[in-house]
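Engineer: Structure here, sequence nowhere to be found:
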C-alpha cells in the first residue's frame, strides 16, 4: 500500500494520536482499484475482522463479536474496464481492513496477493506494467495535532504505478 501514514515523535503526540484512533476521529481516505464494480456503487461494509481460521497470516470477516468491529464506507468514483476506482473511508482502522472488506463484497483489490486472485484478462496488463502490489493508496489523512490542537489534513496524489494501471483500464 502506498500513501500517507502518521508517526508520533514524542510520548505526548503518541498518546494524543492513539486517543484519536480509539475514538475514530482520524480521517482516512483510500483509493482502491477493485476487480469488478461493487453494487451498490455507494455503501458501507460493517463486518467484524479477525484472524482467518484457515490461515493465521490472513485476516477474515467473522460473525459479530469475533475479532474486532470494522466499518468501511465506500463509493465507486470511476468505472473502468472490468474494474472500478473506489474511494474507501475508514470509520475504524483494522489490519488489512480495506482489502478484507472489498474481498468480502466479492471485489478484491487488483494485484492483492493475499485476498484476491488474479482475474482473467488482467494478468498481461499487470505483467506489462510490472505492477506487483495491491492497488491501494492512502490518499487523505486528517487529525487534530495532539500538541497544538490544530486541525491538519494531508493529501497524497495517486502514485505513478497506479495511474498507469488506471490508464490501461479506462473504458
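Structural biologist: That came through, no problem. Owing to the predicted nature of the structure, the values given are computational and were not obtained by experimental measurement. Residues are numbered from 1 along each chain as shown.
Engineer: And whichever helix in the chain runs longest, what's buried?
Structural biologist: Secondary structure of the chain read by DSSP state H shows that its longest helix is helix 11-22. Neighbour-count burial for helix 11-22, counted by 16 or more other C-beta atoms under 10 Å, picks out 16, 17, 20. The way it works is simple: take the backbone N, C-alpha and C, and place the C-beta from them, glycine included.
Engineer: I'd like to know which elements it is packed against.
Structural biologist: Helices and strands touching helix 11-22, by 3 or more C-beta pairs under 8 Å, 6 or more residues apart in numbering; DSSP states H and E, are strand 136-144.
Engineer: and the strand it packs on, what does it pack onto?
Structural biologist: Using 3+ C-beta pairs under 8 Å, 6+ apart: strand 136-144 touches strand 2-3, helix 11-22, strand 27-35, strand 151-155.
Engineer: How confident is the prediction for the residue nearest in space to the middle of the chain, by pLDDT?
Structural biologist: By C-alpha atoms, centre = their mean, the chain has its centre lying nearest to residue 98, at 3.6 Å. Note on residue 98: pLDDT of 98.
Engineer: what are the bridge partners for the closest residue in space to residue 63 that isn't next to it in sequence, then?
Structural biologist: Spatial nearest neighbour of residue 63, excluding adjacent residues (C-beta to C-beta, 6 or more residues apart in numbering): residue 48 at 6.8 Å. Assessed by DSSP bridges, residue 48 has beta-bridge partners residue 62.
Engineer: where does residue 57 fall, helix, sheet strand or coil?
Structural biologist: Put simply, residue 57 is coil when judged by DSSP: H, G, I helix; E, B strand; the rest coil.
Engineer: and it, how many neighbours?
Structural biologist: Other residues lying near residue 57 total 7 when counted by other C-beta atoms under 10 Å.
Engineer: what's the pLDDT at the residue nearest to it when sequence neighbours are not counted?
Structural biologist: Of all residues not flanking residue 57 in the chain, residue 114 sits nearest, at 7.9 Å (C-beta to C-beta, 6+ apart). With respect to pLDDT, residue 114 scores 96.
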